[in-house]
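S.K.: Fold the following and give me the result.
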Amino acid sequence: VNYPVYFVSWYAALVYCNKRSIQEGLTPCYIKWGSTNPDNWGSIPISDCIDWDIIICNWSADGYRLPTEAEWEYAARGGHKPKPYIYAGSNTVDDVAWYYDNSNYKTHQVGTKAPNELGIYDMSGNVWEWCWDWYGSYSSSAQTNPHGATSGSLRVSRGSSFYSNVNYCRVAYRSYDNPYRKNHSFGLR
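M.R.: Model (predicted):
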């Protein structure tokens, strides 16, 4: 109970978000081939799949979705008035994160470390969190709530995991992986 959701690919996360949205009577965010019903999308890929990489997000829908990388970082840093912490809620990693040196190589219940300024737990450590964005360079111009690169082959993951080195727990650290990849350290909240 209360463990992070893990062993989930980016593709599977989209299916989950839309199915839960449908179940709760919300408008699903993700659209594939004109359909928001994942039952019409075919099997979740276990390798690169261009048919799934063309899924789009309806940003005005009220259903569940993955955060953009910018949204994830905003939440991890503590919102409008963040303190300049290295990790999500502290400069002392052991206060806020389950990572390689303290996790005993397993996930832990959410909320057993200190929260950040917004009251959010485990933004550093425990499980890498998928974000909506393709992995790419940041724009050099100022932006408000950007949605990331418009194409690519890898999706962003943030936050690090129970199996990560302390350097990966930094709020600023960006990671990425294939959208079909799933293992014990990738998940969603």
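S.K.: name the helices or strands packed onto the longest helix along the chain?
M.R.: Counting by DSSP state H, the longest helix found in the chain is helix 10-23. Taking 3 or more CB pairs under 8 Å, 6 or more residues apart in numbering; DSSP states H and E as contact, the helices and strands that helix 10-23 lies on are strand 30-31. Every residue, glycine included, has its C-beta placed from N, CA and C.
S.K.: The chain: strands as residue ranges?
M.R.: Using DSSP state E, the strands of the chain run over 5-6, 30-31, 56-57, 128-134, 155-158, 174-177, 186-188.
S.K.: Just the C-alpha atoms of the fourth one, please, in CSV.
M.R.: Only the C-alpha atoms of strand 128-134 are listed here, as CSV (Å, rounded to 0.1, in the frame of the first residue of the first chain):
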residue,chain,number,x,y,z
TRP,A,128,12.0,7.8,-12.1
GLU,A,129,8.9,9.6,-13.2
TRP,A,130,7.9,9.8,-16.9
CYS,A,131,7.1,13.2,-18.3
TRP,A,132,5.2,14.0,-21.5
ASP,A,133,8.1,15.6,-23.3
TRP,A,134,10.4,14.3,-25.9
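S.K.: doesn't Gly148 make contact with Glu73?
M.R.: No. Counting by CB atoms under 8 Å, Gly148 is not a contact partner of Glu73; they are 11.3 Å apart.
S.K.: Tally up the residues packed near Trp130, please.
M.R.: Residues near Trp130, counting by other CB atoms under 10 Å, number 29.
S.K.: again but with Tyr11, I slipped
M.R.: The burial count for Tyr11: 25, using other CB under 10 Å.
S.K.: for the one 4 residues further on, same thing?
M.R.: Counted with other CB under 10 Å, residues neighbouring Val15 total 19.
S.K.: Which residues are in contact with it?
M.R.: Going by CB atoms under 8 Å, 6 or more residues apart in numbering, Val15 touches 38, 41, 44.
S.K.: In TSV, list those residues along with pLDDT.
M.R.: Formatted as TSV, the contacts of Val15 follow (pLDDT from 0 to 100):
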residue	pLDDT
Pro38	98
Trp41	98
Ile44	97
